[in-house]
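Trainee: following is a predicted model, sequence given first.
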Amino acid sequence: MDQWLEAFNNNDIEALMNIYDPEVVYANSNKPIEIGIPVIKEGFLNSFAIKPKVFFKEEQAIAVEGLGYIAGQFRLMGTNPEDGSNIEESGRVIVIFRKNKVGQWKLIFDMDNRPPDVTI
């Protein structure tokens, strides 16, 4: 998760995509479900237009043989490139990592939503 946060906050698309499994399922609360790196890469490139910074507060982490789960709250801040206004949103995220055949942990499932109880 730390690598994801660093890559995202640096708007480093290659480092960010390197964290994802080729079969990733991405369920963003503002979009239909997306599957695969080429599809999610385009979405992240579009979101980098606001120069986003995200803060994360872990609420739960579970790891078992070859599978890891992290849940928490996020707050995203950026700047609208058209008028310079602040953009801010918060929500909850669940990510699942899977160890691949060469022993690397890759993000296989990424889902966020925006419930009213987020306090970060």
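Mentor: Ah, there it is.

Trainee: quick one: mean pLDDT for stretch 70-80?
Mentor: Mean pLDDT, computed over stretch 70-80, is 96.

Trainee: leaving out sequence neighbours, find the closest residue to Glu59.
Mentor: Gly72 (4.6 Å; C-beta to C-beta, 6 or more residues apart in numbering). C-betas here are computed from N, CA, C, even on glycine.

Trainee: wait, that neighbour touches Ser90, no?
Mentor: No. Between Gly72 and Ser90 there is no contact under C-beta atoms under 8 Å: 11.2 Å.

Trainee: pLDDT score for the spatially most distant residue from the centre of the chain?
Mentor: Centroid-distance maximum for the chain: Asp83 at 25.6 Å, with C-alpha atoms, centre = their mean. pLDDT for Asp83: 96.

Trainee: and if you look at Asp112?
Mentor: 93.

Trainee: and it, how far from Glu42?
Mentor: 17 Å (C-beta to C-beta, to the nearest Å).

Trainee: what does Glu82 give?
Mentor: 20 Å.

Trainee: again, but for Ile35
Mentor: Applying C-beta to C-beta to Ile35 and Glu42 gives a distance of 13 Å.

Trainee: Phe97 reaches Leu67, doesn't it?
Mentor: Yes. Contact between Phe97 and Leu67 holds when scored by C-beta under 8 Å: they sit 7.2 Å apart.
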